[in-house]
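>>> A predicted structure for the sequence below; I have some questions about it.
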Amino acid sequence: MRRIISVGMLLLLLTVLLAGCGKTEGFKDGYYTAQASEYSHGWKEYITIMVKGGRIVSVEYNAENASGFIKSWDNAYMQNMLHSNGTYPNAYTRFYAGQLLEGQGEGKIDAMTGASSSHGSFEKLSAAVLEQARKGDSSIVIVNTGH
């Protein structure tokens, strides 16, 4: 009888240990979005991530205006920002999103020259969206990004 209980306890312990090995980052599969609470210069920033197999597999970082137009599609805005700041939304949004994807939420996000305000927003939004992914809460989280 003792041998059966010991074997049963061993199997239970192995099951618990192996269950913890399934998802490397503690993220639950699904889509998660964090959005700025306010518009800044006519744009509201957001991050959407997709988690599959416990890992972030895609990151979208962008901003939209009140009509839903995406900032990185605005060629006039791109030209103005490129000439004044040396970068533009389509470049820095991919730069920041790529770092989040590569680091899987663990690494520091480096700032891009000319997009430091967006860097601060990105850090706040990414922290919120990662928390949603850990909880498995797919509701849109609204974040005060300080703009």
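That came in fine, so what should we check first? Residues are numbered from 1 along each chain as shown.
>>> just the strands in the protein please.
All strands of the chain, identified by DSSP state E, fall at 30-36, 44-52, 55-64, 141-143.
>>> Stretch 86-100 - what's its average pLDDT?
In this model, stretch 86-100 has an average pLDDT of 85.
>>> May I see the buried residues of that stretch?
Counting neighbours by 16 or more other CB atoms under 10 Å, one finds that the buried residues in stretch 86-100 are Thr87, Tyr88, Pro89, Asn90, Ala91, Tyr92, Thr93, Phe95, Tyr96, Ala97, Gln99, Leu100. Using the backbone N, CA and C atoms, a C-beta is placed for each residue, glycine as well.
>>> ok, so of these, who is nearest Val141?
Using CB to CB, Leu100 comes nearest to Val141 of the buried residues of stretch 86-100, at 15.5 Å.
>>> Surely that closest one is in contact with Val59?
Yes - the pair Leu100 / Val59 is scored as a contact, 5.0 Å apart, by CB atoms under 8 Å.
>>> shared neighbours of those two, anything?
Common neighbours of Leu100 and Val59 (criterion: CB atoms under 8 Å, 6 or more residues apart in numbering): Ile47, Ile49.
>>> Give me the helix or strand of this structure that scores worst on average pLDDT.
helix 2-19 (a mean of 46; mean pLDDT, DSSP states H and E).
>>> Many thanks, I have nothing further to ask.
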